[in-house]
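Trainee: Below is the sequence, then the predicted model.
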Amino acid sequence: MNQTAPDGATQLASSKSAPPRGPLSGVKVLDLTAVLMGPYSTQVLADLGADVIKVEGPAGDTSRYVGPARTPGRAAIFANLNRGKRGVVIDLTHPEGREVCLMLAKRADVVIHSMRLAAIQKLGLDYTAIRAVNPSVIYANLYGYGRDGRYAEKSAYDDTIQAMSGMAMLQAEINPAPQYVTTVLGDKVSALTAAYAISAALFHRERTGEGQEIEVPMFETMASFLLVEHIAGAAYEPAIGPPVYSRAVTPDRRPYATRDGYISVLVYNDKQWQRFAGLCGRDGAALDPRFASQSARSANMAAFCALVAEILAERTTAEWVKLLDDAGIPVAPLNTTSDLLTDPHLQDVGFFREIADAVDGPMRLPRPPVRFSQTPGGYSQAGPMLGEHTAEVLAELGLSENRIRELDRQGVVVCRQFRTAD
């Protein structure tokens, strides 16, 4: 499949393409994470050029088996989350498996896991153990709750973190009942937090040579994320209002119906309101004392939104988008996720990368959303098959083929090429 680049050139991306030379090129990451939060964080690092070695147990990451898949054991979610990584299989519960993992950790710049503290300690792969073989390592713990708190040993998933952080109850401000938002927000926000924390720690080590341990708890991360605006009046002692940003939870903050669909319009400041009213032949409304200023409109939000809704119902979505875009008033149609696949702007910027995957054939995956003028990142292959790179990675440690085959026969590791060729 061909890809049209922003300059109009046509490129063919192959799973055998050269590795990207992103800003993290040369950084080695030992990835002991699974499911979504950890793998998304290391996906970002891989997109930025890091050599990410993903370690799975013999059964594989559970995300391999969730959702649509062209090849069994390699679901689309897994293929996207783990793009650009090298996959190895090691039984970390086996003493020799632990030793192999420590050999990898000794050569790593970053070690990252998403297990509870007790679980990683039981495996003998906590920060103390890794630092003993690699004093300058950046070691990142991703888990549900900070280990100094009383919830430290609670299990955590995106749903429970949305509940604990207040996210689910916030939805009840504008819905009949509490709801989870329709994306795994806690996992993804925590993943991005881990990626920036690791990058900052690498920068510190570059200047000082000093490694360190990082803790990224989902609960605290999401509480911080929500309270950016929702701290509101509770920022003061004593509080001058509840910890809720009123504009974000008003029932009137919603898409508007047009003659043939829905539209997002934000008539926010005074200039926008006066321009909007003029375009719509409602100059009298612009002089209405309830709407004449931004503060007045905020105080009469229900009436103001009702008026805007009445006006927008008079024309089609396409008519409004053209008219308001030309007037410089923030407007957008309501896309579905399917619409993103053909969105003309995303096509302009080459958002989707089409690869000729060695296993699944033609695939279309999002490219990294950020760009660097001198150190472009990216990826050339989708997530690995189970144990695809085990032999390759162990050979880099200096193990002979005979030794690698022996470990494979013992079930300490899984080498895909041995299992399919022998």
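Mentor: Noted; the coordinates are in hand.

Trainee: mind listing the strands in the stretch 1-150 of the chain by residue range?
Mentor: Counting by DSSP state E, counting those that start in this stretch, the stretch 1-150 of the chain has these strands, from start to end: 3-4, 10-11, 13-14, 28-32, 51-56, 86-90, 110-113, 138-143.

Trainee: Need these in a markdown table (columns: mean pLDDT).
Mentor: Rendered in a markdown table, the data for the strands of the stretch 1-150 of the chain read as follows (pLDDT from 0 to 100):
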| stretch | mean pLDDT |
| --- | --- |
| strand 3-4 | 40 |
| strand 10-11 | 32 |
| strand 13-14 | 35 |
| strand 28-32 | 98 |
| strand 51-56 | 98 |
| strand 86-90 | 98 |
| strand 110-113 | 98 |
| strand 138-143 | 98 |
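
Trainee: among those, which is nearest Gly377?
Mentor: The minimum distance between Gly377 and these falls on strand 51-56, with 12.1 Å, by Cβ to Cβ. All C-beta spots, glycine's among them, are computed from the backbone N, C-alpha and C.

Trainee: Please give the element, helix or strand, for the nearest residue to Ala332 once chain neighbours are set aside.
Mentor: Excluding its sequence neighbours, the residue lying closest to Ala332 (Cβ to Cβ, 6 or more residues apart in numbering) is Ser264, at 4.6 Å. Secondary structure from DSSP states H and E places Ser264 in strand 262-265.

Trainee: Alpha carbons only: can I get that strand in CSV?
Mentor: The C-alpha atoms that make up strand 262-265 are tabulated as CSV, following Å, rounded to 0.1, in the frame of the first residue of the first chain:
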residue,chain,number,x,y,z
TYR,A,262,-25.1,18.3,14.6
ILE,A,263,-22.4,20.9,14.9
SER,A,264,-19.9,22.2,17.5
VAL,A,265,-19.9,26.0,17.8
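
Trainee: how about it: buried residues?
Mentor: Applying a neighbour-count criterion of 16 or more other Cβ atoms under 10 Å, one finds 263, 265 buried in strand 262-265.

Trainee: what residues does the next helix or strand after it touch?
Mentor: Using DSSP H and E, the helix or strand that follows strand 262-265 towards the C-terminus is helix 270-279. Under the criterion Cβ atoms under 8 Å, 6 or more residues apart in numbering, residues 266-267, 283, 285-286, 291, 293-294, 297, 308, 323-324, 327-330 lie in contact with helix 270-279.

Trainee: For this structure, name the helix or strand with the lowest mean pLDDT.
Mentor: Within the chain, confidence by mean pLDDT, DSSP states H and E is lowest for strand 10-11 among all helices and strands, at a mean of 32.

Trainee: Domains of the protein: list them as residue ranges, please.
Mentor: Following the assignment in automatic domain parsing, the chain carries domains at 3-227+349-421, 256-333.

Trainee: which residues sit in contact with Ala299?
Mentor: Listed by Cβ under 8 Å, 6+ apart, the contact partners of Ala299 are Arg290.

Trainee: Against Met167, how distant is it?
Mentor: The gap separating Ala299 from Met167 is 28 Å, by Cβ to Cβ, to the nearest Å.

Trainee: got the buried residues for the longest helix that the chain contains?
Mentor: Within the chain, and with DSSP state H defining each element, the longest helix by residue count is helix 185-208. Residues 185-187, 189-195, 197-199, 201-202, 205 are the ones in helix 185-208 that count as buried (16+ other Cβ under 10 Å).

Trainee: Can you spell out which helices and strands pack onto that helix?
Mentor: The elements that helix 185-208 packs onto, with contact taken as 3 or more Cβ pairs under 8 Å, 6 or more residues apart in numbering; DSSP states H and E, are helix 37-47, strand 110-113, strand 138-143, helix 158-165, strand 212-217, helix 218-230.

Trainee: Pull out the CA atoms of it and give them to me as PDB.
Mentor: Coordinates of each C-alpha in helix 185-208 appear next as PDB, following Å, rounded to 0.1, in the frame of the first residue of the first chain:
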ATOM      1  CA  LEU A 185      -8.600   7.900  29.600                       C
ATOM      2  CA  GLY A 186      -6.900   6.900  32.900                       C
ATOM      3  CA  ASP A 187      -4.600   4.400  31.200                       C
ATOM      4  CA  LYS A 188      -3.700   6.800  28.400                       C
ATOM      5  CA  VAL A 189      -3.100   9.900  30.600                       C
ATOM      6  CA  SER A 190      -0.900   7.900  32.900                       C
ATOM      7  CA  ALA A 191       1.000   6.400  30.000                       C
ATOM      8  CA  LEU A 192       1.800   9.900  28.600                       C
ATOM      9  CA  THR A 193       2.800  11.000  32.100                       C
ATOM     10  CA  ALA A 194       5.200   8.100  32.300                       C
ATOM     11  CA  ALA A 195       6.700   9.000  28.900                       C
ATOM     12  CA  TYR A 196       7.400  12.600  29.800                       C
ATOM     13  CA  ALA A 197       8.700  11.600  33.300                       C
ATOM     14  CA  ILE A 198      11.100   9.000  31.700                       C
ATOM     15  CA  SER A 199      12.300  11.600  29.100                       C
ATOM     16  CA  ALA A 200      13.000  14.100  31.900                       C
ATOM     17  CA  ALA A 201      14.900  11.500  33.900                       C
ATOM     18  CA  LEU A 202      17.000  10.700  30.900                       C
ATOM     19  CA  PHE A 203      17.800  14.400  30.400                       C
ATOM     20  CA  HIS A 204      18.900  14.600  34.100                       C
ATOM     21  CA  ARG A 205      21.100  11.500  33.700                       C
ATOM     22  CA  GLU A 206      22.600  13.000  30.500                       C
ATOM     23  CA  ARG A 207      23.700  16.000  32.600                       C
ATOM     24  CA  THR A 208      24.700  14.200  35.800                       C
END
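
Trainee: Thanks a lot, catch you later.
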